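>>> coords below, sequence missing:
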């Protein structure tokens with residue numbers, strides 16, 4: 001069995017209800033960890049330790065998560081498999097190929113996509129736009145994605161409304177385009193394909209995985225990001241531009257530099273695209289199969305050990 005674990009989806013304290021399932025399983029278990037916390041509370045620590053005890057193997061998506069799992073939760077490194085976040089195998093295509101179909105012809109497109117929530121930092125990109133537009137007047141910023149269901153249940157669409165109000169206050173409401181919905185795979189490929197620069201302006205360091213960042217790399221995008229854990233790892237060695245948290249001026253400076261310098265932007269795109277080839281689904285699937293085979297072997301070895309005793 002492969003358990004995809006995230007604290008917020010199983011119910012109970014820190015998702016503890018999933019432990020009841022694990023207690024009754026007799027088959028080998030491989031758990032993929034989407035969140036590995038360096039400072040867990042008492043409930044999060046207990047749940048993670050129980051999951052680790054009941055899993056033959058644990059899969060993480062970054063080197064950082066592997067280190068935290070070992071140092072904070074005491075999981076031996078030989079039980080951990082590092083498998084990157086999977087992405088579709090997209091072609092390396094120039095953004096202009098997609099722009100006309102999205103009514104973006106002649107525009108320089110900045111893009112952020114994913115579920116909206118206040119910790120994403122989209123307001124910092126909006127605040128950077130007046131400076132960017134003073135240099136590149138054809139820029140638009142697309143914010144694509146529905147509000148996170150948990151956020152919507154708690155406060156409705158307040159965050160999106162705040163972003164819209166901020167854009168109006170700064171006089172950039174025409175340059176900020178919201179797509180408040182979910183996208184089909186084909187629509188997403190076209191949307192991301194249209195972007196000249198992809199931006200993840202998240203506000204906090206403690207984000208172990210970003211599927212949207214992985215997708216953007218796989219599409220060969222020039223990327224600007226704050227240095228949360230996953231971004232700091234993926235965008236190393238010139239595969240993207242890392243800027244400080246909550247810093248609109250740094251976003252503006254980096255965007256202007258990339259829009260001014262086609263050669264630099266293209267070189268960044270190519271480095272990201274080539275690096276992401278190991279993240280495409282077929283290669284990730286092969287890595288998962290190897291992990292499942294190891295889990296079965298681990299279970300067999302454990303059984304033989306009990307029989308010898």
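The structure has been received and is ready for your questions. Model, not experiment: these values are computed from the prediction.

>>> to the chain's geometric centre, what's the distance from the helix ranked longest in the chain?
What stands out as the longest helix in the chain, according to DSSP state H, is helix 281-308. Put simply, helix 281-308 sits 27 Å off its chain's centre (C-alpha atoms, centre = their mean, to the nearest Å).

>>> And stretch 120-129, by the same measure?
Relative to the centre of its chain, stretch 120-129 is centred 18 Å away, using C-alpha atoms, centre = their mean.

>>> before we move on, what about stretch 262-278?
Distance, centroid of stretch 262-278 to centroid of chain: 18 Å (C-alpha atoms, centre = their mean).

>>> That one: which residues count as buried?
In terms of neighbour count (16 or more other C-beta atoms under 10 Å), stretch 262-278 has its buried residues at 265, 268, 269, 271, 272, 273, 275, 276. In short, each C-beta sits where N, CA and C put it, glycine included.

>>> got JSON lines for those residues, with pLDDT too?
Output for the buried residues of stretch 262-278, formatted as JSON lines (pLDDT from 0 to 100):
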{"residue": "265", "pLDDT": "97"}
{"residue": "268", "pLDDT": "98"}
{"residue": "269", "pLDDT": "98"}
{"residue": "271", "pLDDT": "98"}
{"residue": "272", "pLDDT": "97"}
{"residue": "273", "pLDDT": "98"}
{"residue": "275", "pLDDT": "96"}
{"residue": "276", "pLDDT": "96"}
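
>>> so who does the residue nearest to residue 65 when sequence neighbours are not counted touch?
Nearest non-adjacent residue to residue 65, counting by C-beta to C-beta, 6 or more residues apart in numbering: residue 36, 4.1 Å away. The neighbours of residue 36, taking C-beta atoms under 8 Å, 6 or more residues apart in numbering as the test, are 48, 60, 65, 68, 69, 208.

>>> which other helices and strands contact the worst-scoring helix or strand of the chain on mean pLDDT?
Sorted by mean pLDDT, DSSP states H and E, the helices and strands of the chain end with helix 281-308, the least confident at a mean of 82. If you count contacts as 3 or more C-beta pairs under 8 Å, 6 or more residues apart in numbering; DSSP states H and E, helix 281-308 packs onto strand 30-33, strand 57-60, strand 80-82.

>>> Quick one: these as a markdown table, columns for distance to residue 93, mean pLDDT and mean neighbour count too.
Supplementary listing: the helices and strands packed on helix 281-308 in a markdown table, determined by distance: least, C-beta to C-beta, whole Å; pLDDT from 0 to 100; neighbours: other C-beta atoms under 10 Å:
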| stretch | distance to residue 93 | mean pLDDT | mean neighbour count |
| --- | --- | --- | --- |
| strand 30-33 | 30 | 96 | 23 |
| strand 57-60 | 31 | 97 | 24 |
| strand 80-82 | 29 | 97 | 17 |
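
>>> ok, residue 201 to residue 127 distance?
Note on residue 201: its distance to residue 127, by C-beta to C-beta, to the nearest Å, is 10 Å.

>>> so residue 4, which of the three states?
Following DSSP: H, G, I helix; E, B strand; the rest coil, residue 4 is assigned to strand.

>>> just residue 141 next, same as before
Assigned with three-state DSSP, residue 141 falls in the strand class.

>>> That one: how many residues sit nearby?
If you count neighbours by other C-beta atoms under 10 Å, residue 141 ends up with 25.
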